[in-house]
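Peer 1: Build me a model from this:
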Amino acid sequence: MKLKNKRITISVLGLLMIPFLISGCSSANGQAHTGPFDESQGIVSQGIVEAKEVSINSKIPGKIMKLHVEEGQEVQAGDILVEISSDELKAKEAQAKALIEAAQASLNAAQGQVDAANAQLQKAENGARVQEIAQAQAYCDLMQKTYDRVEKLFEKGAVSAQKKDEVATQLEVAKQQLSLAQEGARTEDKSGAQALVAQALSMREAAKGKLEQAQAGLQEVQAYLKDTVIVSPISGTITIINADEGELVSSGMSIATVTDLNNTWVEVKIKETDLEKITVDQKVDVKLSSFPEKGFEGKVVRMNQKPDFATKRSTNDNGEFDILSYGVKIELDNKDKVLRPGMTAFVQFKN
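Peer 2: Numbering: from 1, shown residues only. I've put the predicted structure just below:
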């Protein structure tokens, strides 16, 4: 009898709980959606906000002398962002200019030697003239002044010993040419004069090459000096600063990041079975986890021509074939500049 009463009690309790269970199931099934959008109103997909970003780095190693910006600051293309120490490069620039001066002096001397050698050859062929003697004298005087100037540069360490020896040789040749001009040339001197011309031409070409080399060295140093002042390649916002004033940076190290918040987008993956419902220039609704109560607008600007991956593998529901996914790029309206790269975005393509 007790067992029978117990069964009756359990049955009554079970009957009393049925409405609550039914109510609970209805509540769960009655929800239209749990995400940011009602999926019955259109396709919903998720992606990450992206923006055009440029990493600012130094082409040369050195110490940061001045940071002209801070995080959150708006900049325009061409604005100065960072200055790298340039003392060592300025010293190299001064040295390069001194080398150019010495090389130019050598070229001038070599050209004078060519002229003198040609005059000597003419003297050997036609006999000495008063004008030729005067020219040889002028060249000898020029070489003497050139040697004196190069010797002073050598004492300052601006030119090498080899350069000094070259100019000394040129001075000696000039003295010999003057002596020949004053004494008068003989027939047998013609071959020697021709050799002097050839030698002078060779020295002029060598001097010209060294001048060009020195000029190239100066241009290289000046290019490095220009790289010590780093400017923004785009207009945007400083979103990251990775270094401080006084810090040593290496070549290629990222110092800051400039982000164009006017150019933001999100790319979502859409199943191939839903692509027919989407068109380029289609307006879409966008919501972000960061701003759950605020809606944003977007526009379809690109649909990839090739699939990215299979969103569904072959199953009993879709047969023996995979369902592929295609990337769809959505341009976002970020006029208030509240969107940031990396934010989670939900996009709905309205039916």
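Peer 1: Starting from the longest strand seen in the chain, tell me which strands it pairs with and how they run.
Peer 2: Across the chain, the strand with the greatest residue count (assigned by DSSP state E) is strand 291-312. Paired with strand 291-312 in the same sheet, following DSSP bridges, are strand 283-288 (antiparallel), strand 323-332 (antiparallel).
Peer 1: Of these, which is nearest residue 260?
Peer 2: strand 323-332 (12.4 Å; CB to CB). Bear in mind the C-beta positions are built from the backbone N, C-alpha and C, glycine included.
Peer 1: can you give me how far the next helix or strand after the closest one is from the chain middle?
Peer 2: Going down the chain from strand 323-332, the next helix or strand is strand 344-350, by DSSP states H and E. On the basis of CA atoms, centre = their mean, to the nearest Å, strand 344-350 sits 35 Å off its chain's mean C-alpha point.
Peer 1: Only alpha carbons, please: show strand 344-350 as PDB.
Peer 2: Listed next in PDB are the C-alpha coordinates belonging to strand 344-350 (Å, rounded to 0.1, in the frame of the first residue of the first chain):
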ATOM      1  CA  THR A 344      35.400  42.400 -34.100                       C
ATOM      2  CA  ALA A 345      32.700  43.400 -36.600                       C
ATOM      3  CA  PHE A 346      29.400  41.700 -37.500                       C
ATOM      4  CA  VAL A 347      27.900  42.400 -41.000                       C
ATOM      5  CA  GLN A 348      24.400  41.800 -42.100                       C
ATOM      6  CA  PHE A 349      23.400  41.600 -45.800                       C
ATOM      7  CA  LYS A 350      19.700  42.500 -45.700                       C
END
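Peer 1: quick one: it to strand 283-288, angle?
Peer 2: 150 degrees (axes from the mean of the first three to the mean of the last three CA atoms, to 10 degrees).
Peer 1: so what secondary structure elements neighbour strand 344-350?
Peer 2: Counting contacts by 3 or more CB pairs under 8 Å, 6 or more residues apart in numbering; DSSP states H and E, strand 344-350 packs against strand 42-57, strand 254-271, strand 283-288.
Peer 1: and the shortest one with strand 254-271, angle?
Peer 2: Per the same axes, to 10 degrees, the angle that strand 283-288 makes with strand 254-271 is 120 degrees.
Peer 1: What's the mean pLDDT across strand 283-288?
Peer 2: Strand 283-288 carries an average pLDDT of 94.
Peer 1: what does the first one give?
Peer 2: Rounded to a whole number, the mean pLDDT of strand 42-57 is 93.
Peer 1: Next, the buried residues of it.
Peer 2: Neighbour-count burial for strand 42-57, counted by 16 or more other CB atoms under 10 Å, picks out 42, 43, 44, 45, 47, 49, 50, 51, 53, 56, 57.
Peer 1: partners of it in the sheet?
Peer 2: strand 254-271 (antiparallel), strand 344-350 (antiparallel).
Peer 1: so how far is that strand from its chain's centroid?
Peer 2: 22 Å.
Peer 1: Extract the C-alpha set from it and format it as CSV.
Peer 2: Taking Å, rounded to 0.1, in the frame of the first residue of the first chain, the C-alpha atoms of strand 42-57 are listed here in CSV:
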residue,chain,number,x,y,z
GLY,A,42,19.5,38.5,-43.9
ILE,A,43,22.9,36.8,-44.0
VAL,A,44,25.2,37.6,-41.0
SER,A,45,28.9,37.1,-41.0
GLN,A,46,31.8,38.1,-38.8
GLY,A,47,35.2,39.7,-39.5
ILE,A,48,38.0,41.9,-38.2
VAL,A,49,38.2,45.6,-38.9
GLU,A,50,41.3,46.5,-40.9
ALA,A,51,42.9,49.8,-42.0
LYS,A,52,45.7,51.1,-44.1
GLU,A,53,48.8,51.1,-41.8
VAL,A,54,52.4,52.1,-42.5
SER,A,55,55.2,51.1,-40.2
ILE,A,56,57.7,53.9,-39.8
ASN,A,57,61.4,52.8,-39.6
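Peer 1: circling back to that earlier point, what residues of the longest strand of the chain count as buried?
Peer 2: So strand 291-312, judged by 16+ other CB under 10 Å, has buried residues 296, 298, 300, 307, 311.
Peer 1: right, and the helix or strand after the helix or strand where residue 217 lies?
Peer 2: Per DSSP H and E: residue 217 is located in helix 190-227. Sequence-wise, the next helix or strand downstream of helix 190-227 (DSSP H and E) is strand 229-231.
Peer 1: just checking, next helix/strand downstream of that next one?
Peer 2: Trace forward from strand 229-231 with DSSP H and E and the next one is strand 236-241.
Peer 1: Give the other helices and strands that that following strand contacts.
Peer 2: strand 42-57, strand 74-75, strand 254-271.
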